[in-house]
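Colleague: Coordinates for the following, if possible.
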Amino acid sequence: MKLFQRIFATFCMVIICAIFVASFSVWLLQTRMVENHFQRTRTMEINLLSNALTTFQAQGEDATRNLLERWRSDPSAQNVIIITGDNKQDILGRSVQPDEVAHAYDFALKNPNSNLSAIYYDPFGEEYLFFIRDFDKNTVKPMPGLLIPGLSVAPVWHEFIILAVTLIVGLLLAYILASNISRPIRILEKGMNRLASGDLNARVSQQLDDRKDELASLGVHFDRMAVQLQKLVEKERHLLHHVSHEMRSPLARIQALLGLLHMQPQKQEVYLGKLESELTRMDALVGELLTLSRLETANTPLEKEPFALLPFLEQLVEDSQPVAQQNEQTVSLEVRGINPEARFNGNEGYLYRAFDNVIRNAMNYSPAGSTILLSCYENRHHLHIEITDNGPGIREDQIPHIFTAFYRADSSANKPGTGLGLALARHIAEQHDGKILAENVSPNGLKIHFILPKTQLPGGKK
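Modeller: Numbering: from 1, shown residues only. Model prediction:
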């Protein structure tokens, strides 16, 4: 059974049960009201009959007739009947059936102490019968049901029409409510089917703009999921495209070197050295691709633990010196306002790789004799680590793109590299709840700025 049918059937059952309970409650209430009304009426009739008998005994027939005349406007008094013994007629001339009189007379003879029917003789020996009309009935006629003014049919049909109209209106409301709930679900189903079939542009929130409930929120979350999925697929396609492009060049060079090696075996050592260089470059590319993929797709955060910050930076600079000396460059460290015992909570291996990528990138673009400066300072909220080179810098319109995988700025022409170093640095910074920025410096050079959470002292103080 479909969801719409289940919801509709459920609401129908609820409405039918509600009508049944309401009808039973009304019937029970009416029954109680009828019983209470009957008890009050019968008590009133007994009191009136007793008063009439007392008046008759004390003042006679004429006084009793005058009393009944005064009670004529009281519906309860209309049921107080007094029959004279000689003509068997009511003293007010009201119409009373002989069978009813005979039944009351017999009841009075058999129940001389009853307060519903009694026989009394006046001083002249004339017989009078005092009784309450319908005295032997324990209930009275039920109160009228639900009546529709102006409808000339029996009251039972009035109630049937009202119940039928209520049921039809309830079923209509159930249909509207079930449609209102199942419609966004059908829209979400169609969107999921489109997404599953490969349509990454499938969106549903615009079709649910008229709603302000949880289903509309679900549509918004679906669109966010679709956008994220589209980005991931586009990243995968982008990565596959650039990997194939980056692999093609070294593979072509390796194939050419193998051909030359066959043609000129006497230059074997030269060609083997170049083959080794190309294979090393491919190995570095594959390693960076695996790291980038792991950072982009990992569902769990990096494992972090506190480590001493200043020894870490000093080791980083020391490890960079051999390459810097080979390029006739200098890598210097400048620390301002950092406690020597300060510790940073992070993944030391990944952070080392991020900073090392940026430093090596700076050395590639800085001229001989220049200095690459690594400065570290801390303010009230963040730890700042800046790496500044003396290279040509980057065009301002290209700065926002340099942290994208495989993006190569114009200044990187004929420079070695895979285009993945800064992308890795960005992901590593984000995994540490930080960010990375780039800006040109005057008169020339580029500054890469890491903004990370504050350090803390071994006792836990920041």
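
Colleague: Do you have the helices of the stretch 1-150 of the chain handy? List them.
Modeller: Counting by DSSP state H, counting those that start in this stretch, the stretch 1-150 of the chain has these helices, from start to end: 3-59, 61-70, 98-110.

Colleague: Could you double-check that Phe355 sits in contact with Ile372?
Modeller: No: because the distance of 11.4 Å does not satisfy C-beta atoms under 8 Å, Phe355 is recorded as not touching Ile372. Where you see a C-beta, it was placed from the backbone N, CA and C, and this is true even at glycine.

Colleague: any common contacting residues for those two?
Modeller: Contact criterion C-beta atoms under 8 Å, 6 or more residues apart in numbering; residues bridging Phe355 and Ile372 by contacting each: Ile387.

Colleague: where in the chain is pLDDT low?
Modeller: Applying pLDDT under 70 to the chain flags the ranges 1-4, 86, 139-159, 238-249, 293-300, 406-419, 459-462.

Colleague: how far away is the residue positioned nearest the centre of the chain from Ala202?
Modeller: By C-alpha atoms, centre = their mean, the mean C-alpha position of the chain lies nearest to Glu214, the distance being 4.3 Å. According to C-beta to C-beta, to the nearest Å, Glu214 stands 21 Å off from Ala202.

Colleague: What separation is there between Val286 and Asn193?
Modeller: Note on Val286: its distance to Asn193, by C-beta to C-beta, is 38 Å.

Colleague: The two: which is more packed in?
Modeller: Neighbours around Val286 and Asn193, counted as other C-beta atoms under 10 Å, are more numerous at Val286. The numbers are 14 against 11.

Colleague: distance between stretch 11-22 and the chain's centre?
Modeller: Taking the mean of its C-alpha atoms, stretch 11-22 sits 29 Å from the chain's own mean (C-alpha atoms, centre = their mean, to the nearest Å).

Colleague: Give the buried residues for that stretch.
Modeller: Of the residues in stretch 11-22, those scored as buried under the neighbour-count criterion (16 or more other C-beta atoms under 10 Å) are 11-12, 15.

Colleague: Nearest to Gln264, out of the helices of the stretch 1-150 of the chain?
Modeller: helix 3-59 (75.3 Å; C-beta to C-beta).

Colleague: Packing partners of the closest one?
Modeller: Helices and strands touching helix 3-59, as assessed by 3 or more C-beta pairs under 8 Å, 6 or more residues apart in numbering; DSSP states H and E, comprise helix 61-70, strand 80-84, strand 117-121, strand 127-132, helix 155-196.

Colleague: Strands of the stretch 251-400 of the chain, residue ranges please.
Modeller: Secondary structure of the stretch 251-400 of the chain (DSSP state E, counting those that start in this stretch): strands located at 305-308, 330-336, 343-346, 371-378, 382-388.

Colleague: so what secondary structure elements neighbour the third one?
Modeller: The reference is to strand 343-346. Taking 3+ C-beta pairs under 8 Å, 6+ apart as the contact definition, the neighbouring helices and strands of strand 343-346 are strand 305-308, helix 309-326, strand 446-453.

Colleague: And for the fourth one?
Modeller: Counting contacts by 3+ C-beta pairs under 8 Å, 6+ apart, the secondary-structure elements packed against strand 371-378 are helix 309-326, strand 330-336, helix 348-365, strand 382-388.

Colleague: Can you list the helices and strands that the first one packs against?
Modeller: Looking back up the chat, that one is helix 309-326. For helix 309-326, the elements it packs on are strand 330-336, strand 343-346, helix 348-365, strand 371-378, judged by 3+ C-beta pairs under 8 Å, 6+ apart.

Colleague: and of the ones you listed, who's closest to Glu61?
Modeller: Evaluated with C-beta to C-beta, those place strand 343-346 nearest to Glu61, the distance being 113.6 Å.

Colleague: Out of the helices and strands packed on strand 371-378, flag the one nearest Gln30.
Modeller: With C-beta to C-beta as the criterion, Gln30 lies closest to strand 382-388 of those, at 77.3 Å.

Colleague: before we move on, back to that, for Val227, find the nearest of the helices and strands packed on helix 3-59.
Modeller: helix 155-196 (11.0 Å).

Colleague: What is the burial count for Asn364?
Modeller: Residues lying near Asn364 (other C-beta under 10 Å) number 16.

Colleague: can you check the one 10 residues further on too?
Modeller: As a burial measure, the neighbour count of Leu374 was computed by other C-beta under 10 Å and equals 23.

Colleague: Show the contacting residues for it.
Modeller: 313, 316-317, 331-334, 355, 359, 385-387.
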